[in-house]
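J.: Please find the sequence and the predicted model below.
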Amino acid sequence: MSVAPELAKPGDPGQQTATAVDAMATATTTAPAEKKDDHAQPKGERKPQRRIDEKFKIFSGTANPELADEVCKHLGMDRGQTTSQRFQDGERYVQILENVRGADVFMIQPTCFPVDEHIMELLLFIDAFKRASARRITPVIPYFGYARQDRKDKPRSPISSKLVADLLTTAGADRAVIVDLHAPQIQGFFNMPVDHLFASPVLVSYFKELNLPNLTVVSPDAGGVERARFFAKKMNDSALAIVDKRRTGMNVTEVMNVIGDVEGRTCLVLDDIIDTAGTLVKTAVALKEAGAARVVACATHPVLSGPAIERLAEAPIEQVVVTNTIPLTEHAKRDLAGKIKVLSIAGLIGSAIKSIHEETSVSKLFV
């Protein structure tokens with residue numbers, strides 16, 4: 001195991017001091033696997049076998065180590081050991097604490113808030129893996145930040161999602177795994193293979209178990225109609241409705257009217273991201289005014305920025321179902337307790353990682 005360089009101590013002249021690892025920059029390490037005890041195993045029971053493959057490794061940044069641990073548990077392996085720290089001037093320092101030479105490496109890191117911080121950390125880890133002679137480096141990005149900046153909508157503006165894709169390639173990534181891109185065509189921004197996974201199987205399975213009566217799947221805008229139509233088909237060909245809205249400013253929306261019959265029905269509002277929750281809440285209000293009996297909502301990525309938590313707490317929505325692509329803040333867990341439900345996509349990501357490592361098809365996971 002390589003030894004991390006000693007960070008400068010406070011008071012040493014001419015040296016940069018390093019702060020203690022903050023809440024978002026804690027060292028991520030894993031304990032060694034427990035030894036098997038065959039004699040203690042009751043007859044007729046099989047203890048899960050841990051995966052032993054020194055050339056197959058999964059690591060995590062500081063954005064969502066809990067999800068990485070769930071993925072590793074699904075695959076029966078331990079998470080790789082790393083450290084990530086911040087110097088007092090704000091610079092990030094990362095190190096891999098085990099040998100990865102010739103290994104097939106997967107780095108799990110959603111680029112959620114703080115977006116730029118987590119993107120930079122991911123790039124540094126990719127560069128570290130490349131310089132440590134990893135055979136293949138695959139960033140697994142459950143939430144791809146900057147995905148909504150996928151075109152020039154104003155003069156002299158950047159296409160930020162293309163830039164992030166180029167940065168990942170330049171850093172040394174060989175392929176990428178991403179969950180529910182805001183626009184599927186963003187895959188074309190990457191000059192490497194991209195496995196685009198969908199959280200819909202997890203969400204569909206949950207709502208099928210609820211067996212909601214008189215269900216209508218609702219798209220909160222015209223851009224999400226294809227996603228809502230696919231979801232409605234999976235939900236036993238449920239009815240489909242669309243909410244027409246007009247934006248009056250950045251992160252500000254105005255819901256106009258409901259297209260489709262929702263009176264007396266259970267409405268399931270489907271979106272890929274809940275950001276400030278303005279669209280979702282106004283959609284729920286419009287559905288209630290149109291006579292909907294119940295309103296529930298689901299989305300893949302719970303960004304929950306700005307006033308989102310307060311808005312959802314007061315909204316006429318019975319339940320908000322999201323996945324763990326982004327970890328919920330303590331604020332959200334507390335104020336939305338009983339109203340928000342988090343589903344795990346660890347099995348989905350774990351299956352994709354296993355297929356990629358074994359060079360088998362992942363197409364069965366795309367739907």
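T.: Received it, and whenever you're ready, just let me know what you need.
J.: Buried residues, the longest helix anywhere in the chain. List them.
T.: When the chain is parsed with DSSP state H, its longest helix is helix 115-131. Using 16 or more other CB atoms under 10 Å as the test for burial, helix 115-131 gives 115, 117-130. (Each C-beta comes from the backbone N, C-alpha and C, glycine too.)
J.: do the same with stretch 286-299
T.: By 16+ other CB under 10 Å, the buried positions in stretch 286-299 come out as A286, L287, K288, A290, A292, R294, V295, V296, A297, C298, A299.
J.: before we move on, what about stretch 212-220?
T.: Quick answer for stretch 212-220 (16+ other CB under 10 Å): L212, L215, T216, V217, V218, S219, P220.
J.: How far away from the center of its chain is that stretch?
T.: In this view, stretch 212-220 has its centroid 25 Å away from the chain centroid, taken as CA atoms, centre = their mean, to the nearest Å.
J.: Low-confidence stretches in the stretch 201-350 of the chain?
T.: 246-256 (pLDDT under 70).
J.: How are the helices of it distributed by residue range?
T.: Ranges of helices in the stretch 201-350 of the chain, per DSSP state H, counting those that start in this stretch, are 225-234, 278-289, 308-314, 330-335, 346-357.
J.: Out of the buried residues of helix 115-131, flag the one nearest to D237.
T.: Taking CB to CB as the measure, V115 is the one of the buried residues of helix 115-131 closest to D237, at 38.1 Å.
J.: give the contact list for the closest one.
T.: V115 makes contacts with G145, Y146, as judged by CB atoms under 8 Å, 6 or more residues apart in numbering.
J.: Next, find the distance separating it from Q149.
T.: Noted for V115: a distance of 11 Å to Q149, by CB to CB, to the nearest Å.
J.: Next: R156.
T.: According to CB to CB, R156 and Q149 sit 14 Å apart.
J.: Could you do E310 as well?
T.: Separation of E310 from Q149 (CB to CB) stands at 26 Å.
J.: which of these two has more neighbours?
T.: Q149 (17 against 14; other CB atoms under 10 Å).
J.: Leaving out sequence neighbours, find the closest residue to that one.
T.: Nearest residue to Q149, sequence neighbours excluded (CB to CB, 6 or more residues apart in numbering): S160, at 3.7 Å.
J.: Isn't that neighbour up against Y146?
T.: Yes. Because the distance of 4.3 Å satisfies CB atoms under 8 Å, S160 is recorded as touching Y146.
J.: Between those two, which is the more surrounded one?
T.: It is Y146, of S160 and Y146, that has more neighbours when counted by other CB under 10 Å, with 20 against 15.
J.: list the contacts for that one?
T.: Here Y146 is in contact with T111, V115, S160, S161, L163, V164 (CB under 8 Å, 6+ apart).
J.: tell me the most buried of the helices of the stretch 201-350 of the chain?
T.: Among these, ranked by average contacts under mean count of other CB atoms under 10 Å, first place goes to helix 278-289 (a mean of 22).
J.: Pull the residues that contact it.
T.: Applying CB under 8 Å, 6+ apart, the contact partners of helix 278-289 are 218, 220-221, 241, 243, 245, 251-255, 257-258, 262, 267, 269, 271, 274, 295, 297, 299, 311-312, 315-317, 320.
J.: Filter those down to the buried ones, ChimeraX style.
T.: Of the contacts of helix 278-289, the buried ones can be selected in ChimeraX as follows, counting by 16+ other CB under 10 Å:
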select :218,220,221,241,243,245,253,255,258,262,267,269,271,274,295,297,299,311,312,315,317,320
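J.: which stretches of the stretch 51-200 of the chain form strands?
T.: Here the stretch 51-200 of the chain has its strands, by DSSP state E, counting those that start in this stretch, at 56-60, 82-86, 92-96, 104-108, 136-141, 176-179, 194-197.
J.: For those strands, could you give me a markdown table that also reports mean pLDDT and mean neighbour count?
T.: Formatted as a markdown table, the strands of the stretch 51-200 of the chain follow (pLDDT from 0 to 100; neighbours: other CB atoms under 10 Å):
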| stretch | mean pLDDT | mean neighbour count |
| --- | --- | --- |
| strand 56-60 | 98 | 24 |
| strand 82-86 | 97 | 19 |
| strand 92-96 | 98 | 19 |
| strand 104-108 | 98 | 26 |
| strand 136-141 | 98 | 25 |
| strand 176-179 | 98 | 23 |
| strand 194-197 | 96 | 20 |
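J.: Would you convert the ones you listed into JSON lines that also reports distance to L304?
T.: Listed next are the strands of the stretch 51-200 of the chain as JSON lines, based on distance: least, CB to CB, whole Å:
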{"stretch": "strand 56-60", "distance to L304": "21"}
{"stretch": "strand 82-86", "distance to L304": "24"}
{"stretch": "strand 92-96", "distance to L304": "25"}
{"stretch": "strand 104-108", "distance to L304": "20"}
{"stretch": "strand 136-141", "distance to L304": "19"}
{"stretch": "strand 176-179", "distance to L304": "17"}
{"stretch": "strand 194-197", "distance to L304": "22"}
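J.: Done for today, thanks.
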